[in-house]
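[1] Any chance you can model this:
(4 chains)
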Protein chains: 2
Amino acid sequence: MARKKEYIEEEVIEKAMNLFWRNGYQTTSMQMLEKEMGINKFSIYASFGNKNGVFIESLKCYNQKLNQLMSKLKASSNGISGIKEYFYDFIEFSKETEIAKGCLITNTANEIGEGADQKIKDVLTNFTDNVRNVFSDILKQDKTKNRDVIEHQADYLLIAMFGLSSATRIFNQTQLDNYIDNIFKNV
Amino acid sequence: MARKKEYIEEEVIEKAMNLFWRNGYQTTSMQMLEKEMGINKFSIYASFGNKNGVFIESLKCYNQKLNQLMSKLKASSNGISGIKEYFYDFIEFSKETEIAKGCLITNTANEIGEGADQKIKDVLTNFTDNVRNVFSDILKQDKTKNRDVIEHQADYLLIAMFGLSSATRIFNQTQLDNYIDNIFKNV
DNA sequence: CTTAAAACCAAACGATTGTTTAGATATAAG
DNA sequence: CTTATATCTAAACAATCGTTTGGTTTTAAG
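    Numbering: from 1, shown residues only, chains lettered A, B, ... in the order given. This is a model prediction of the structure:
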């Protein structure tokens, strides 16, 4: 006995996510979100609580998109060369629609300071643990490597991904290619 | 025929720089700057024009501090192991007073989006060119390396520094040690 | 000692921030 | 068709943003 929503939450969140991705949390205002999401402020608050709620859902949406990107890697039995492919896939992903925006999670980790919201920190931790586990699983395909080496290399590749995120925003393709080549000389 | 300033611009800018370093550009408000710098808003505007002016000067101040840190490296004839030492020096530098804050320049590069101020972009470009040249000069000490290899490795190490900046903010010392060890297996 | 210039403080500026509310509109159940 | 309820638009909320201004205090030259 009520009116129907004229928007689909998953759809408008994806638009919000892209805005946050381009501009960061602080720079993105409710006014900008209103315009980009195509719905009224009232509807945004009804669906997501507040700005932080929109951001949290945007992070989760980004996480999902990245999991889709990683599904190829998860299913792969190509070992390290599979991870290297993922690095290249990520570069394309980060500039999907327009200019390079880096990784939303990495950008957020770099943006937030001391007094950051705990929910946001949790999403970040979940994300890094997730990526690290995927890398670790792939590395385990090589039975000649012992557990210590695998853990170290998983950490190394995870941090290298963080570097790649920043790099996509500043450096050119040749520099990125060269960076990735060097990174994978050690694993 | 006038009153004397009760503050030294270099001193208050260093305080502003530390605030920007901890919190980023957007999060840092004039109110916070007023408190941290210990002078009135009027004085801030009289000395630095506006918030952007304070930030530009803060970036320059940071640049100077980093050049001091690099002076050891510039004078070094230890080749690559000198650069590796610089990586460790930077980690200490980034958490000099308190918690890890990464590199202010890298943080800024990650924070600013499409419509960033040109002056800020210029400072960032100057900085990366500067660091890259120092790395390049050190690498040239090895006469067995040809020009192409040196340019590639300078780019690689530069991007690795960007990764290290993010990493200091998120990962623990063991992970950082391992990261640096792996990075320097290739140069 | 007077006087002009610069630095100080505090208050206020309009604009924009994130958030809430009031009233009109649409929809589905009874 | 009536009625209850959820969604819509648009206006307003207090708070804070970066910035400016007016008046007071300090200083140093004449």
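
[2] From now on I want contacts and neighbour counts done on CA atoms only, so please keep to that.
    Noted.

[3] Buried residues in the helix or strand hosting A:Lys72, which are they?
    In the assignment (DSSP states H and E), A:Lys72 maps to helix A:51-75. Neighbour-count burial for helix A:51-75 flags A:53-63, A:66-67, A:70, A:73-74 (criterion: 16 or more other Cα atoms under 10 Å in any protein chain shown).

[4] tell me which parts of chain A are close to DNA strand C?
    Residues of chain A lying close to DNA strand C (Cα under 7 Å from any atom of the strand) are A:1-4, A:26-31, A:41-42, A:45, A:49-52.

[5] Kindly write the ChimeraX command that selects the buried subset of those.
    Provided next is the ChimeraX selection string for whichever of these are buried by 16+ other Cα under 10 Å:
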select /A:27,28,41
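
[6] Which of the residues of chain A next to DNA strand C fall in helices?
    A:Met30, A:Gln31, A:Lys41, A:Phe42, A:Tyr45, A:Lys51, A:Asn52 (DSSP state H).

[7] ok, so of those, who is nearest A:Leu104?
    A:Asn52 (15.0 Å; Cα to Cα).

[8] which other residues reach the helix holding A:Lys72?
    A:13-14, A:16-17, A:20, A:25, A:30, A:44-45, A:48, A:82-83, A:86, A:89-90, A:104-105, A:119-120, A:123, A:127, A:134, A:138 (Cα atoms under 8 Å, 6 or more residues apart in numbering or on different chains).

[9] go with 7 Å
    Outside helix A:51-75, the residues within contact range by Cα atoms under 7 Å, 6 or more residues apart in numbering or on different chains are A:Ile13, A:Glu14, A:Ala16, A:Met17, A:Met30, A:Phe48, A:Gly82, A:Ile83, A:Tyr86, A:Ile120, A:Val134.

[10] Check whether it comes near DNA strand D.
    No - using Cα under 7 Å from any atom of the strand, we find that helix A:51-75 stays clear of DNA strand D, coming within 14.1 Å at best.

[11] Tell me how far the closest residue to chain B within chain A lies from DNA strand C.
    Nearest residue of chain A to chain B: A:Gly163, at 3.4 Å (Cα to the nearest Cα). According to Cα to the nearest atom of the strand, to the nearest Å, A:Gly163 and DNA strand C sit 28 Å apart.

[12] Number of residues surrounding that residue?
    Residues near A:Gly163, counting by other Cα atoms under 10 Å in any protein chain shown, number 24.

[13] Let's verify it: helix, strand, or coil?
    Following DSSP: H, G, I helix; E, B strand; the rest coil, A:Gly163 is assigned to helix.

[14] Could you do A:Ser166 as well?
    Following three-state DSSP, we place A:Ser166 in the helix state.

[15] wait, isn't it in contact with A:Leu104?
    No - if you go by Cα atoms under 7 Å, A:Ser166 and A:Leu104 don't touch, sitting 10.5 Å apart.
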